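Asker: This is a predicted model, with the sequence first.
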Amino acid sequence: MARGLAIAADGGLAGANQHGSDRGGQRAAFMYTLIVTAKLNDVDPQAWLADVLARIADMPQHRLDELLPWNWCPTHAVMPVARAA
């Protein structure tokens with residue numbers, strides 16, 4: 001699971017751009033946005049991203065909204081396994 005990121009005093013992501021490019025900071029912010037959006041929709045970010053990346057190339061453009069976290073239904077391959085009590 002992804003760890004939380006620190007927000008710097010200036011509103012940026014702490015450590016995201018101290019030794020890299022602005023582009024790296026933008027990428028980190030984009031990925032953080034995806035992860036938080038999934039969490040806010042009660043979706044496991046790792047399972048969602050893995051499933052979306054596996055399915056997106058074969059998905060018709062008019063059905064891409066099905067892959068958004070609030071519409072997403074996982075495929076059987078990524079369904080969590082029930083744990084024994």
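Answerer: Now that the structure is in, tell me what you want to look at.
Asker: For residue 74, grab phi and psi.
Answerer: phi -60, psi 150 (degrees, to the nearest 10).
Asker: What helix or strand is the nearest residue to it once chain neighbours are set aside located in?
Answerer: Nearest residue to residue 74 in three dimensions, chain neighbours excluded: residue 51, at 5.5 Å (Cβ to Cβ, 6 or more residues apart in numbering). To be clear about C-beta, it is placed using only N, CA and C from the backbone, and glycine gets the same treatment. Assigned by DSSP states H and E, residue 51 belongs to helix 45-55.
Asker: by contact count, what packs against that helix?
Answerer: Using 3 or more Cβ pairs under 8 Å, 6 or more residues apart in numbering; DSSP states H and E as the contact test, the elements touching helix 45-55 are helix 22-40.
Asker: okay, the angle between the helix it packs on and helix 45-55?
Answerer: Calculated by axes from the mean of the first three to the mean of the last three Cα atoms, to 10 degrees, helix 22-40 forms an angle of 110 degrees with helix 45-55.
Asker: what packs against helix 22-40?
Answerer: Secondary-structure packing of helix 22-40 (3+ Cβ pairs under 8 Å, 6+ apart): helix 45-55.
Asker: Report the rounded mean pLDDT for the helix it packs on.
Answerer: Averaged across helix 45-55, the pLDDT comes to 95.
Asker: Give me the buried positions along that helix.
Answerer: Residues of helix 45-55 classed as buried: 45, 47-49, 51-52, 55 (neighbour count, 16 or more other Cβ atoms under 10 Å).
Asker: Kindly present the residues you listed as a markdown table, with separate columns for distance to residue 22.
Answerer: Converted to a markdown table, the buried residues of helix 45-55 look like this (distance: Cβ to Cβ, whole Å):
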| residue | distance to residue 22 |
| --- | --- |
| 45 | 24 |
| 47 | 31 |
| 48 | 27 |
| 49 | 24 |
| 51 | 30 |
| 52 | 26 |
| 55 | 31 |
